[in-house]
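Enquirer: sharing a sequence plus its predicted fold:
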Amino acid sequence: LFKTSASGTTNVAERMRNDSAGNVGIGTTAPDTTLVVNGTIRAASSVSNGTTTVDFGTGNLQHTTQSCNAGTFALHNMKDGASYTFAVQGATASTCAFNAYSGAGTGALTMHLPPNHGATSASKHTVYTFLVMGTHVYAAWIPGY
């Protein structure tokens, strides 16, 4: 158990619990899965990428001003059960290609692009969402922002 008191008081209250099953609860005394958060979660800011290597270990929201014709994007540190968002803000119309890995360029994952996947629009943004399920990565895309 992790307990603290509010600033200026001596009343101690439970803030976080790690139970005997390894479940962690924040804002709850009865976590029933690996992580339960009862409250607002704030994610880190979007990470800007200057190369075609995208390290999702630094955050689930990534973007680049590169166009897809810069080369195949290498998506690193994609973990089973997680979802990731990647915005391509390039100026040139081209079709994006991806390689996905569970580690930093190791542990190749199978990438599945949607059947209608095609070229991005010139000077428009395209948003990709990736869902990792086991060793497979499923992509959805929304072009033309």
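Expert: Everything's here; your move.

Enquirer: tell me where this structure has strands.
Expert: Under the criterion DSSP state E, the chain contains strands at 2-5, 12-18, 24-26, 35-37, 47-49, 53-55, 61-64, 73-76, 83-88, 98-101, 108-112, 126-133, 136-142.

Enquirer: for the residue nearest the centre of the chain, give its distance to residue 49.
Expert: Nearest residue to the geometric centre of the chain (CA atoms, centre = their mean): residue 60, 2.4 Å. Taking CB to CB, to the nearest Å as the measure, residue 60 falls 13 Å from residue 49. All C-beta atoms are positioned from the backbone trio N, CA, C, and that covers glycine.

Enquirer: and what of residue 144?
Expert: Here the distance between residue 144 and residue 49 works out to 21 Å (CB to CB).

Enquirer: so which of these two has more stuff around it?
Expert: Using other CB atoms under 10 Å as the criterion, residue 144 and residue 49 rank with residue 49 on top: 19 against 9.

Enquirer: tell me who's in contact with that one.
Expert: Going by CB atoms under 8 Å, 6 or more residues apart in numbering, residue 49 touches 62-64, 66.
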